[in-house]
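In: Show me the folded form of this:
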Amino acid sequence: MQQFFSSVSFCVRHIGYLFILCLPVMTIEFALSYLLMSIGIIDANMSDSAALEVLSSISSQLFILVVLSLVLSVGLSGGTMIAFQSLTSNSEVTPYQALLAGIKKFFPLLLGNLMHSLAYGIGFLLLVLPGFFLYARLGLFPLYIMFEDKKALDALGESWQATDEVGTKLFVLTSVFLGIQIIFGLAGGLIGIDSSIGFLVLATLIKYATMMPLFYLFFSLYQSLERTQ
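Out: Presented below is the predicted three-dimensional model:
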């Protein structure tokens with residue numbers, strides 16, 4: 001569990017920098033969730049026709065938020081790696097410069113994220129744990145895109161090969177970080193507070209508070225592999 005605590009410790013030491021880095025993405029995600037919640041579109045009792053009617057009335061706002069959320073979240077997957085490189089090498093890269101670097105590689109990162117999410121989703125349907133395993137084994141792909149200019153498929157393949165010897169340990173640590181998100185979401189649903197503003201804010205914070213250490217875990221593994229080579 002040393003890697004777990006070292007990843008968490010690193011992110012705690014640089015919490016201000018990482019919070020600023022994630023703030024644009026968190027803000028847009030919260031705004032999108034709040035918009036859907038405020039019009040009742042998340043309500044399971046709403047009919048399909050009523051949902052479509054409500055969506056048509058806010059289509060322009062919804063479109064803008066969805067596009068912004070997509071661009072920023074995809075950019076963050078690569079920008080986070082630039083941020084970690086900056087923080088570990090003491091180079092002067094601001095959080096927004098790191099995020100912009102990720103956005104500049106939007107298309108390969110988008111394809112990589114789509115394929116990574118697809119593998120995770122399929123694995124998640126197969127009793128959850130295979131999803132965590134695939135997420136872990138393919139999780140290094142943004143590093144190969146950002147630092148080695150690999151294409152999406154090549155980056156995913158490199159990640160799979162690179163994590164072969166440490167797959168089990170990486171799977172366990174990934175399960176811990178992702179499990180926290182899932183347990184929190186389920187707990188909110190069970191006690192009936194998952195549609196409150198406070199829960200949305202807290203859920204967003206917890207999501208990124210667990211994602212950053214997990215991403216740093218992937219980054220530190222990549223660095224370790226580079227040193228051994």
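
In: For L129, list the residues it contacts.
Out: Neighbouring residues of L129 by C-beta atoms under 8 Å, 6 or more residues apart in numbering: G123, S175. (Glycine included, C-beta is placed from N, CA and C.)

In: do the same with I28
Out: By C-beta under 8 Å, 6+ apart, the contact set of I28 is L65, L68, S69, L72.

In: and if you look at S77?
Out: With C-beta under 8 Å, 6+ apart, S77 has these contacts: G102, L109, G112, N113, P142, F215.

In: Burial check on G179, number of neighbours?
Out: Neighbourhood size, G179 [other C-beta atoms under 10 Å]: 13.

In: G198 too?
Out: Neighbours around G198, by other C-beta under 10 Å: 8.

In: Need the pLDDT of it.
Out: Among the per-residue scores, G198 shows a pLDDT of 82.

In: One more: V8?
Out: Looking at V8, the pLDDT reads 94.

In: Would you check how far apart it and I15 are?
Out: Taken as C-beta to C-beta, to the nearest Å, the spacing of V8 relative to I15 amounts to 11 Å.

In: Tell me where the chain has helices.
Out: Applying DSSP state H to the chain gives helices spanning 2-13, 15-38, 48-57, 59-89, 95-104, 106-125, 129-137, 141-148, 152-162, 167-190, 197-228.

In: So which elements touch the fifth one?
Out: In this case it means helix 95-104. helix 15-38, helix 59-89, helix 141-148 (3 or more C-beta pairs under 8 Å, 6 or more residues apart in numbering; DSSP states H and E).

In: ok, back up a step: okay, the helices of the chain, which one's buried deepest?
Out: Per-stretch averages of neighbours, counted by mean count of other C-beta atoms under 10 Å, single out helix 141-148 among the helices of the chain, with a mean of 24.

In: Show me what that helix packs onto, helices and strands only.
Out: Short answer (3+ C-beta pairs under 8 Å, 6+ apart): helix 141-148 packs on helix 59-89, helix 95-104, helix 106-125, helix 152-162, helix 197-228.

In: of all those helices, which lies closest to I20?
Out: Closest of the helices and strands packed on helix 141-148 to I20 is helix 95-104, at 4.2 Å (criterion: C-beta to C-beta).

In: contacting residues around the closest one?
Out: 17-18, 20-21, 24, 71-72, 74-83, 86, 93, 109, 142, 146.

In: ditto for stretch 108-116
Out: By C-beta under 8 Å, 6+ apart, stretch 108-116 touches 70, 73-75, 77-78, 102, 135, 138-139, 141-142, 145, 150-153, 155-156.

In: mind checking how far that stretch is from the chain centre?
Out: Centroid displacement of stretch 108-116 relative to its chain, using C-alpha atoms, centre = their mean, to the nearest Å, is 12 Å.

In: mind saving the C-alpha coords of it as PDB?
Out: Below are the C-alpha coordinates for stretch 108-116, written out as PDB (Å, rounded to 0.1, in the frame of the first residue of the first chain):
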ATOM      1  CA  PRO A 108      -6.000  11.400 -29.900                       C
ATOM      2  CA  LEU A 109      -7.000  11.800 -26.200                       C
ATOM      3  CA  LEU A 110     -10.700  11.700 -27.100                       C
ATOM      4  CA  LEU A 111     -10.300   8.400 -29.100                       C
ATOM      5  CA  GLY A 112      -8.200   6.900 -26.300                       C
ATOM      6  CA  ASN A 113     -10.700   8.000 -23.600                       C
ATOM      7  CA  LEU A 114     -13.600   6.600 -25.600                       C
ATOM      8  CA  MET A 115     -11.900   3.200 -26.100                       C
ATOM      9  CA  HIS A 116     -10.700   3.200 -22.500                       C
END
